[in-house]
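Enquirer: the following comprises the amino acid sequence and a computationally predicted model.
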Amino acid sequence: MNRIDRMTAIVLLLQERPRTASAIARQFEVSRRTILRDVQALCEIGVPIVAREGVGGGYALPLDYTISPPQLNPRESFLLLLALETITRLSDAPFAAERSTLLAKLRALLPPQQLAEVENLLGSVAIDTPQRHQRAPWLDRMIAAAQARQWLRIEYQSATRLSVMHILPLHISTQEGFWYCRAFAHEPAEERTFRIDRIRTVASPELSFTPGPMPTATPYTHPSHPEVQATLTVRGVALVESEPHLGQHIERLPNGDGRLCFRCPPAELAWYARYFASLGAEAQVLEPPDLRIAIARHARQLLAQYSE
């Protein structure tokens, strides 16, 4: 990063909140003395940077101070357009209208020569985006509820039944082309993950609904969650590695086999039972007993279905 880019970035950082010279220096991996010289140069050209003392102090800008939008270089433009076009290819990506207008604005703002260079880069790079036919029409509503911490009444189609429940959305994510919502369920009071394309209806809670105290988030890896332990064959390692949330928990053995160890919220054990059953002989679950029992039950049901 050259000095002009760094000075522009310093102004943008100070528009967010006050920062010390040491903190800015760490972010840009330069010396504190370099940042002091940059701040002095900014003050000399009229940027009203002030120094505040005490806790939470440092260099700051007046709240009403703004600067013109910085010019993007070709690589920065490329990264923005690539990110937008990649998310657009996801099934039911959120904020369709805003994405379309933002793409158009970005292309209109770029000089013709720079736009041609960026388009050439876009034609040379591709990010694989899984395509799914399942629609998630409630995605925007779930994002808005997560942002506002708003309780919702939903009808949810699991693998076995249709349930009506009240949930408090916390976080929206996408994996393997599916959209998921991590949320607190009211009854039973626990954290669960819902696949958004399986949500059939969404509404505001009934007037008679009274939520309990705002729950405290339980991390996915919380010690209270059962620990799943499994052994994997060489092929099992390759299969599980393709799962973004499981691959990181594999320990490879010298012979190519693997061990898998992770913590799982109790509400998701049924899903993992079906998942491990789908791996067949490529995986063997050792713990917990409840998961082993659920896998055996699933296997018996399959055997009964296909027995003559």
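Expert: Yes, it's here. Numbering: from 1, shown residues only.
Enquirer: what's the longest strand along the chain packed up against?
Expert: The single longest strand within the chain, with elements called by DSSP state E, is strand 162-175. Secondary-structure packing of strand 162-175 (3 or more CB pairs under 8 Å, 6 or more residues apart in numbering; DSSP states H and E): helix 139-148, strand 152-157, strand 178-185, strand 190-195. Heads up, the C-betas are built off the backbone N, CA and C, glycines and all.
Enquirer: give me that answer again for 6 Å
Expert: Under the contact definition 3 or more CB pairs under 6 Å, 6 or more residues apart in numbering; DSSP states H and E, strand 162-175 sits against helix 139-148, strand 152-157, strand 178-185.
Enquirer: for the last one, the distance to its chain's centre please.
Expert: The one in question is strand 178-185. Distance of strand 178-185 from the chain centroid (CA atoms, centre = their mean, to the nearest Å) equals 11 Å.
Enquirer: hmm, back to that, so which bits of the longest strand of the chain are buried?
Expert: By 16 or more other CB atoms under 10 Å, the buried positions in strand 162-175 come out as 165-170, 172, 174.
Enquirer: got CSV for the residues you listed, with distance to Ala83 and pLDDT too?
Expert: Output for the buried residues of strand 162-175, formatted as CSV (distance: CB to CB, whole Å; pLDDT from 0 to 100):
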residue, distance to Ala83, pLDDT
Met165, 34, 89
His166, 34, 91
Ile167, 29, 90
Leu168, 29, 90
Pro169, 23, 91
Leu170, 24, 89
Ile172, 17, 89
Thr174, 13, 80
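Enquirer: tell me the two of the residues you listed that are most distant?
Expert: Pairwise distances across the buried residues of strand 162-175 (CB to CB) peak at 24.1 Å, for the pair His166 and Thr174.
Enquirer: that older thread, dump the buried residues of strand 162-175 to a markdown table, plus distance to Pro94.
Expert: Output for the buried residues of strand 162-175, formatted as a markdown table (distance: CB to CB, whole Å):
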| residue | distance to Pro94 |
| --- | --- |
| Met165 | 23 |
| His166 | 23 |
| Ile167 | 18 |
| Leu168 | 19 |
| Pro169 | 13 |
| Leu170 | 16 |
| Ile172 | 8 |
| Thr174 | 10 |
